[in-house]
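> Here's a sequence, model it:
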Amino acid sequence: MIKKTTPNWRAVALIAQAFVLVACGGSNEPSTMNVTTGTPGSAGATGTTGTAGAAPAAGTAGAGTAGATSTGTAGATGTGTAGAGTAGTSGTAGAGGMSGDSFSPNCAMVPLTAAGLAPAKAGACTAADTQLCYKTCGPQSVGFKSETCTNGAYVEQSGCNFPKGMDYSCYKVPTAIDASCPATAPQASQPCTVKACTLCNVANSYLDSTGASKPGYCVCPAPGASGTSKWS
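Model prediction:
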């Protein structure tokens with residue numbers, strides 16, 4: 001800050017008078033007048049430097065409260081009760097069928113042999129072919145006989161086996177030939193007209209489906225889907 005000084009008016013008047021005397025004199029000599037100058041004013045006191053303002057205080061960071069972690073409870077695992085089914089009863093084998101697995105597999109259902117044929121009596125066979133299967137036999141094909149691959153050929157069982165648990169009364173050999181039987185030997189697969197379950201032959205023989213004479217009987221079963229009966 002600068003201090004204002006009041007001028008010395010006496011000194012100013014003396015200086016002004018000296019200038020007048022010099023200007024009015026005709027002499028070129030320098031003036032020998034002594035000029036008394038005024039006392040210089042005192043310099044103003046130096047202003048006090050202002051104190052710098054304090055830096056603003058740093059703001060305090062806000063501290064948020066962390067939210068609580070929610071933990072869900074796992075649901076209980078449900079345990080179902082297993083259903084218990086009742087096993088069905090096995091059906092009764094029909095004519096030409098099998099009771100259980102006693103005569104399985106059927107020779108008509110197995111793969112063909114290397115020769116391209118179904119297993120049959122005296123037919124060729126290899127180690128890669130079916131080694132054992134069964135063919136139907138007997139009246140109405142209710143029985144079975146085996147075909148076994150032996151030394152490169154199928155050997156057929158002698159006779160015919162019949163499943164247990166079936167009613168074979170229809171095939172019971174009679175003590176005497178029924179009077180309704182024909183006078184000529186019945187032939188398998190040919191129509192018959194006698195009542196169902198009648199066994200017939202001539203001279204203790206019948207004819208197979210090829211016409212060859214065989215010892216035994218033919219039976220006339222109940223009519224089939226076609227409504228006719230055929231000797232078996």
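> Please enumerate the helices of the chain.
9-24 (DSSP state H).
> Any stretches of it with poor pLDDT?
1-101 (pLDDT under 70).
> let's see 90
1-102, 137-141, 159, 165-166, 168, 170-172, 209, 221-228 (pLDDT under 90).
> Quickly list the domain ranges of it.
If you go by automatic domain parsing, the domain ranges for the chain are 95-166, 169-232.
> So what would you say the end-to-end distance of stretch 159-171 is?
Length of stretch 159-171, first residue to last, CA to CA, to the nearest Å: 16 Å.
> Buried residues, it. List them.
162-163, 170-171 (16 or more other CB atoms under 10 Å). Using the backbone N, CA and C atoms, a C-beta is placed for each residue, glycine as well.
> repeat for stretch 191-207
So, applying 16+ other CB under 10 Å, buried residues of stretch 191-207: 192, 194, 198-202, 206-207.
> Check stretch 113-132 too.
Result for stretch 113-132 [16+ other CB under 10 Å]: buried residues 113, 118-119, 123, 125, 129-130.
> how about the buried residues of stretch 159-171, which pair is most distant?
P163 and C170 (14.8 Å; CB to CB).
> re the thing from before, what's the closest of the buried residues of stretch 191-207 to P182?
C200 (6.6 Å).
> Who are the contact partners of the closest residue in space to the closest one that isn't next to it in sequence?
Nearest non-adjacent residue to C200, counting by CB to CB, 6 or more residues apart in numbering: C181, 3.5 Å away. Applying CB atoms under 8 Å, 6 or more residues apart in numbering, we find C181 in contact with 194, 198, 200-201.
> N106 too?
Contacts of N106 by CB under 8 Å, 6+ apart are 98, 133-136.
> Distance to A108 added to these, as CSV?
Below are those laid out as CSV (distance: CB to CB, whole Å):
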residue, distance to A108
M98, 12
C133, 8
Y134, 9
K135, 8
T136, 8
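> what would those residues look like in JSON lines with distance to T175 and neighbour count?
Converted to JSON lines, these look like this (distance: CB to CB, whole Å; neighbours: other CB atoms under 10 Å):
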{"residue": "M98", "distance to T175": "31", "neighbour count": "17"}
{"residue": "C133", "distance to T175": "37", "neighbour count": "23"}
{"residue": "Y134", "distance to T175": "32", "neighbour count": "23"}
{"residue": "K135", "distance to T175": "31", "neighbour count": "22"}
{"residue": "T136", "distance to T175": "28", "neighbour count": "19"}
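> Relative to A153, which of the residues you listed is nearest.
Of the contacts of N106, the one sitting nearest to A153 (CB to CB) turns out to be C133, at 14.1 Å.
> hey, what's that closest one bridged with?
The partner list for C133 in beta bridges (DSSP bridges) reads E147.
> swap in S229?
On the basis of DSSP bridges, S229 takes part in beta bridges with C192.
> you'd agree it is up against S189?
No: look at S229 against S189 with CB atoms under 8 Å: they stay out of range, at 11.1 Å.
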